[in-house]
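> Need a 3D model of the following:
(one chain, ligands or ions: 2)
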Amino acid sequence: MKKTFGIVVLALSTAAFAAPKAQWLTVDNDVLAKIRPKLDKSVQTLFTSQGASVVKLEQREVERLSHLIHEDLHRCGGFIAHDTFEEARDTLAFQGDMYFAKSAIFADYAIDQQNAVKPMVAEVSDANILNTINKLSEYNTRYYKSDTGVKSSEFIRDTWAGLAKSRNDIKVELVTHRAFPQSSVIMTIQGTDKSDEIVILGGHADSIAGMFGGSGRAPGSDDNASGIATITEVIRILMNNNFKPRRTVAFMGYAAEEAGLLGSKEIAANWKAAGKKVVGVVQFDMTLRKGTADKDIVFMSDFTNAAQNEFLGKLVDEYVKVAWGYSKCGYGCSDHASWTNNGYPASIPFESTMEDINHNIHTARDTVENAGGDAKHAAKFAKLGVSFIGELAN
Ligand code: BES
Ligand code: ZN
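Ligands and ions are numbered 1, 2, ... in the order given. A predicted model of the protein is given here:
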């Protein structure tokens with residue numbers, strides 16, 4: 001049986017008088033290197049794969065380790081306890097970074113910022129979101145190889161920079177990609193006292209029509225002008241409230257998602273190589289059309305972090321007060337998968353279940369009119385976005 005360390009600690013208190021028992025931990029190599037000097041010399045690395053290792057510890061050592069990671073590294077999780085060596089080894093061999101991204105706990109998910117968050121949530125305007133969706137949809141296509149695809153990313157950069165213009169702790173930049181002309185956009189709010197820890201809210205900037213994109217009309221109003229417009233409304237409200245987070249916050253508009261997550265794949269791999277500490281990622285990809293009668297916000301449970309999904313569900317209950325549930329993409333269906341594949345905790349709150357998806361996406365028919373005609377559904381996601389940043393970044 002696999003256990004997160006939270007469960008291990010609970011189990012320890014009830015088994016305090018039992019004989020010493022061994023546990024096999026799968027632990028990130030970065031974390032292992034830092035805690036190595038504090039472990040008993042007899043602790044050996046038994047197996048290494050995909051950036052993580054298996055070590056054998058006595059159960060009481062596991063508790064000490066959990067404490068060490070909290071106190072010294074100022075992070076949660078970073079390891080998972082297993083009852084057998086075989087289980088630990090197979091976990092790494094088969095899933096590696098992905099396993100960590102899905103199962104480890106990366107942050108303290110307390111919800112305690114109501115005084116700051118509630119008034120900001122109340123400022124969400126569906127009219128603003130609709131306005132941004134319409135502007136993005138006016139580009140003939142936002143296809144990643146097209147001239148209008150390049151221009152639309154510059155428009156996102158300019159819009160976000162305009163909202164942040166009175167702040168000197170914020171930068172908005174284009175991230176160029178070697179292999180194609182469209183750039184990604186990143187807006188960064190420097191954290192005040194935990195600036196090395198980063199919270200990300202992103203969505204893809206590109207659109208596509210048909211399998212080969214080309215120059216055909218691709219308004220992409222739902223997929224994914226809606227996600228970018230939802231993020232833009234979150235930014236507007238945070239700026240309006242002169243929001244200064246303790247952790248660094250990054251807003252991202254990824255290029256070339258429709259061509260195989262190209263922009264996000266490059267960014268996530270670069271951030272991992274640079275050793276950046278990302279404590280949470282949320283992806284907004286399609287927020288416009290309410291497709292499922294009894295659910296407003298649907299969390300895809302695959303290629304995502306389970307603990308963070310649960311935290312987001314609690315944020316919906318606390319601040320958005322709409323019905324939510326789970327579904328599955330069945331594959332790495334959007335940019336959250338790029339973060340998951342690189343070992344980071346990501347979630348995708350989606351507009352419907354997979355069964356009820358918008359069949360007009362990737363065609364000239366992906367318009368506001370064909371997705372309900374207003375941005376009231378998207379406004380729920382903007383409220384969640386404000387809550388996510390307001391709670392996790394503070
Ligand atoms: N917005 C879609 C993802 C999506 C569609 C999620 C329907 C859930 C339901 C995204 O832009 C997309 O089209 N992704 C591609 C995969 C990607 C790796 C090219 C897809 O789903 O085909
Ligand atoms: Zn798509």
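
> Figure out the helix or strand that the residue nearest in space to the middle of the chain lives in.
To find the centre residue of the chain, average its C-alpha atoms and take the closest one (C-alpha atoms, centre = their mean): that gives Val281, at 1.9 Å. Val281 is part of strand 277-283 when elements are defined by DSSP states H and E.

> before we move on, back to that, in this structure the residue nearest to the centre of the chain contacts Ala250, no?
No: with the criterion set as C-beta atoms under 8 Å, Val281 and Ala250 do not qualify as a contacting pair; they are 9.2 Å apart. All C-beta spots, glycine's among them, are computed from the backbone N, C-alpha and C.

> if we can go back for a sec, restricting to C-alpha, output the helix or strand that comes right after the strand holding Val281 in CSV.
Following strand 277-283 in sequence order, the next helix or strand is strand 297-300 (DSSP H and E). C-alpha atoms of strand 297-300 as CSV (Å, rounded to 0.1, in the frame of the first residue of the first chain):
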residue,chain,number,x,y,z
ILE,A,297,-16.4,23.0,-12.3
VAL,A,298,-14.9,19.6,-13.2
PHE,A,299,-11.4,18.6,-12.2
MET,A,300,-9.6,16.2,-14.5
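
> Could you identify the helix or strand that succeeds strand 297-300?
Counting by DSSP H and E, the element after strand 297-300 in chain order, helix or strand, is helix 306-315.

> residues making contact with the strand holding Val281?
75, 106-107, 196-203, 227, 247, 271, 308, 312, 334-336, 339, 344-349, 385, 388, 392 (C-beta atoms under 8 Å, 6 or more residues apart in numbering).

> near ligand 1, which of these show up?
Among these, the residues within reach of ligand 1 (C-beta under 6 Å from any ligand atom) are Ser334.

> Just the buried subset of the contacts of strand 277-283, written out for ChimeraX, thanks.
Once 16 or more other C-beta atoms under 10 Å is used to decide burial, the buried members of the contacts of strand 277-283 can be selected in ChimeraX as follows:
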select :75,106,107,197,198,199,200,201,202,203,227,247,271,308,312,334,335,336,339,344,345,346,347,348,349,385,388,392
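
> Take the contacts of strand 277-283 and keep only those in strands.
Residues of these located in strands (DSSP state E): Asp196, Glu197, Ile198, Val199, Ile200, Leu201, Gly202, Gly203, Arg247, Ala346, Ser347, Pro349.

> so what's Ser103 scoring on pLDDT?
Per-residue confidence for Ser103 comes out at a pLDDT of 84.

> circling back to that earlier point, between Val281 and Ala250, what contacts are shared?
With contacts defined as C-beta under 8 Å, 6+ apart, the residues adjacent to both Val281 and Ala250 are Val199, Ile200, Leu201, Gly202.

> Glu61 should be in a helix, yeah?
Yes: secondary structure of Glu61, determined by DSSP: H, G, I helix; E, B strand; the rest coil: located in a helix.

> Count residues in the vicinity of it, would you?
Here the number of neighbours of Glu61 (other C-beta atoms under 10 Å) works out to 19.

> any idea how far Tyr99 is from it?
The spacing between Glu61 and Tyr99, counted by C-beta to C-beta, to the nearest Å, is 22 Å.

> still on that earlier bit, what mean pLDDT does the strand holding Val281 get?
Averaging the model's pLDDT scores along strand 277-283 yields 97.

> re earlier: can you pull the contacts of the residue lying closest to the residue nearest to the centre of the chain once chain neighbours are set aside?
The shortest distance from Val281 to any residue that is not its chain neighbour, by C-beta to C-beta, 6 or more residues apart in numbering, is 4.0 Å, and that residue is Ala346. Contacts were defined as C-beta under 8 Å, 6+ apart; by that measure Ala346 touches 101, 280-283, 303-305, 308, 336-337, 339-340.

> separation between Lys295 and ligand 1?
Distance, Lys295 to ligand 1, using C-beta to the nearest ligand atom, to the nearest Å: 14 Å.

> My read is that that residue contacts Ala323, right?
Yes: counting by C-beta under 8 Å, Ala323 is a contact partner of Lys295 at 5.3 Å.

> neighbour count winner among those two?
Relative neighbour count places Lys295 above the other of Lys295 and Ala323, with 20 against 14, counting by other C-beta under 10 Å.

> pLDDT wise, what is the more buried one at?
The predicted local confidence for Lys295 is 98.

> got the contact list for the closest residue to it other than its chain neighbours?
The shortest distance from Lys295 to any non-neighbouring residue, by C-beta to C-beta, 6+ apart, is to Gly325 (4.5 Å). Contacts were defined as C-beta under 8 Å, 6+ apart; by that measure Gly325 touches Asp294, Lys295, Val298, Phe299, Thr353.

> Only the buried subset of these, as a ChimeraX command please.
Buried residues within the contacts of Gly325, by 16+ other C-beta under 10 Å, are selected in ChimeraX with:
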select :295,298,299,353
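
> could you dump the contacts of Gly325 to a markdown table with distance to Thr287?
Listed next are the contacts of Gly325 as a markdown table, based on distance: C-beta to C-beta, whole Å:
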| residue | distance to Thr287 |
| --- | --- |
| Asp294 | 18 |
| Lys295 | 13 |
| Val298 | 11 |
| Phe299 | 13 |
| Thr353 | 14 |
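
> wait, what's in contact with the residue lying closest to Pro245 once chain neighbours are set aside?
When the adjacent residues along the chain are set aside, Pro245 lies closest to Ala393, with 3.6 Å between them (C-beta to C-beta, 6+ apart). Contacts were defined as C-beta under 8 Å, 6+ apart; by that measure Ala393 touches Gly191, Val199, Pro245, Arg246, Arg247, Thr248, Val249.
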